[in-house]
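In: Got a sequence here, can you build the structure:
(chains A and B)
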Amino acid sequence: MIQLKDVSYVRLGSPDLEQAGQFATTCLGLQIAERGKKELYLRSDDRAHTLCYSEGDPGQQTVGFEVADEASLQDAAAMLESLGHPVHAGSAHEAEQRKVKAFIGFRDPTGNHIELVVRPERSGRRYFASRDAGITGFSHIGLNSTDPARDERFWTQVCNARVSDRIGDIPLMRVNAIHHTIALVRARKAGIQHINHQVQSNDDVLRSYYFLSERRVPIVFGPGRHPTSGARFLYFKGPDGMVFEYSVGVDEIEDEATHRPRQFGFEPTSFCMWGSKPAGMALPNS
Amino acid sequence: MKAPLNGTKPLITSACYVRHAVSELQASARFASDIFGLQQVADQDGEFAFRSDDRFRTLSLSRDQDDGTSIGIEAWDDAALQEIGEQLSAQGFAARPASADECRRRHVQSALLANDASGNRIDLVTRPTRSGRRYFPPRDAGIVQFQGIGLRSIDHARDLAFWRLLGAEVTDWVGEIAYLRIDDLHHRIALYPSQRNGLLYAAFEVESLDQIMQNSYFMQENQVKIVQGPGRQSASRQIFLHVEGPDGLILSYVNGTAEIGDRPRPPRQFPLNPTSLCNWGSESKDVPELSAQR
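Out: Numbers count the residues shown, from 1 in each chain, chains lettered A, B, ... in the order given. All right, here's what the predicted structure looks like:
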């Protein structure tokens, strides 16, 4: 079984690095770690980077997960190959681009581009935000799935993900104590549905709501509260239509051994207990 | 407290009710119960009364414009009432004992009907009636209790003098807006400089941020005007949602008001700007008293 430790980074293609960087710093509040010719590295916590825009098609979307060591990486590669997932062994140059020691790439059953990485770089200097959004770190992703039941099996049986809760047949899955690191979202094709950053407090969620509204950033869902994880949230749209989320207060699963996933009905109150309605963002099942 | 009675007892102990005259009584009553979530309890003397906690009533609405609006402040006892009466009179404030009928209509044992310098009517009362039955609201708005009052003030210095005679203390200033404490909470009464007198809002505490936000979406869905919020006062850390019913009546949901510790501190001055009034960024466009733009 592939032991995922945590989500590590997201890589996104962008036709306009300038615009992507502008949004990331003035709206989202990330710190520019490094500006290359064709790549823009952004920080959100003590890691060297957690988001990278590279010049290219916005359809190029990759999620990196950390595994323990290079031996685990080799085992994972062998297992994925045996299950029929072609594996790309990352070159030294590619690893350098990702600021990791080594990595492999493959596609999940839906076709999402996934990378498993070893020893992603941390930074000696602390994260210093470009605006006071209260970000404490990159935390999870919403991942498109053309068949949530099949993909749940992949993430929970080939990998070590555990289902924390379900809304309809949509699983929210964890790889550590945090309620979820991967939220599957029913969709027609592969892709990242949203990118989550945690913030310090309720105040930050509400402040950003007014801050982003004033700057005409499309708010697509929230401010709201998920009854599943307990998190207070705000979803908004960035460059190339990518949805970003701020949230605070995600529950931790206290007892790994005895936790049973709760089943929530597929209805609006399962996504927001305050009464906010998605606008310009599909609910995961539609 | 600044003017203690025999050393330990304060002169006043709580804000206990709001009586308010409206022109559209039925519509205002529907707003207070069906929309805002107060429990309508009686329809006597042409008044509609509402509960928000274990008190017999905390809001009453009437058509009687002559009787107008008054707010109820609970005094410790009759000795406190007497002392308040003497002090107010000595400082030139109008104050007279309430008649038996006036006390009956207010559901209090005794009362001193006073006016501040702006002409706001303040009822100082003893033994406001409580109810043996628990509060049972018409909808799940999460209201816990009547929390406090915002008052408009046209004679700021004299109105402050009035409240200080009662023993209230300024905890913080936003420009000339004064937050007044009468117990361990940051404020129960807020005085807002204005062109006119009158009630600015009556505030009701809810359980948590969840109810503030749920009520915010409820109001949007029911096309009720949100005057300001959801927001958070910088000085008191109070989370608020001000909503407006018929006749411009503003009722507010609040939560998280800071408590004042035992250690005395001087009032802090905040500038009159949007961030002082709301730390999150909400702004009031239509109610000048709640806005930094006067």
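In: how far does stretch B:272-280 stretch from start to finish?
Out: Counting by C-alpha to C-alpha, to the nearest Å, you get 15 Å between the two ends of stretch B:272-280.
In: How far off centre is it?
Out: The chain centre lies 21 Å from the centre of stretch B:272-280; the measure is C-alpha atoms, centre = their mean, to the nearest Å.
In: Other residues contacting it?
Out: The contact list for stretch B:272-280 (C-beta atoms under 8 Å, 6 or more residues apart in numbering or on different chains) reads A:203, A:206-207, A:209-210, B:174-177, B:228-235, B:270, B:281, B:283-284, B:290-292, B:294. In short, each C-beta sits where N, CA and C put it, glycine included.
In: could you give the mean pLDDT of that stretch?
Out: Averaging pLDDT along stretch B:272-280 yields 97.
In: sorry, back to before: give the buried subset of the contacts of stretch B:272-280 as a PyMOL selection command.
Out: The following PyMOL line selects those of the contacts of stretch B:272-280 that are buried, judged by 16 or more other C-beta atoms under 10 Å in any protein chain shown:
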select buried, (chain A and resi 203+206+207+209+210) or (chain B and resi 174+175+177+228+229+230+231+232+233+234+235+270+281+283+284+290+292)
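In: What pLDDT does the model give the residue with the largest distance to the centre of chain A?
Out: Going by C-alpha atoms, centre = their mean, the residue of chain A most distant from its centre is A:Ser82, 26.9 Å out. A:Ser82 carries a pLDDT value of 97.
In: likewise B:Pro4?
Out: B:Pro4 is assigned a predicted lDDT (pLDDT) of 46.
In: quick one: low-confidence parts of the chain?
Out: Reading this off chain A. Counting by pLDDT under 70, chain A contains low-confidence ranges at A:280-286.
In: ah, I was thinking of chain B
Out: Along chain B, the parts satisfying pLDDT under 70 run over B:1-8, B:294.
In: Around chain A, pick out the residues from it.
Out: With C-beta under 8 Å from any C-beta of the partner chain as the criterion, chain B meets chain A at residues B:209-210, B:213-214, B:216-218, B:221, B:230-232, B:279-282.
In: Specify which member of these is nearest to B:Gly68.
Out: Closest approach to B:Gly68 among the residues of chain B next to chain A (C-beta to C-beta): B:Gly231, at 29.4 Å.
In: so the closest one touches B:Arg237, yeah?
Out: No. Using C-beta atoms under 8 Å, B:Gly231 is not in contact with B:Arg237; the gap is 11.4 Å.
In: give the contact list for the closest residue to B:Ala168 other than its chain neighbours.
Out: The shortest distance from B:Ala168 to any non-neighbouring residue, by C-beta to C-beta, 6 or more residues apart in numbering or on different chains, is to B:Leu180 (4.3 Å). By C-beta under 8 Å, 6+ apart, the contact list for B:Leu180 reads B:163, B:168-171, B:187-191.
In: cool, and A:Thr181?
Out: Here A:Thr181 is in contact with A:4, A:6-7, A:139-141, A:161, A:173-175 (C-beta under 8 Å, 6+ apart).
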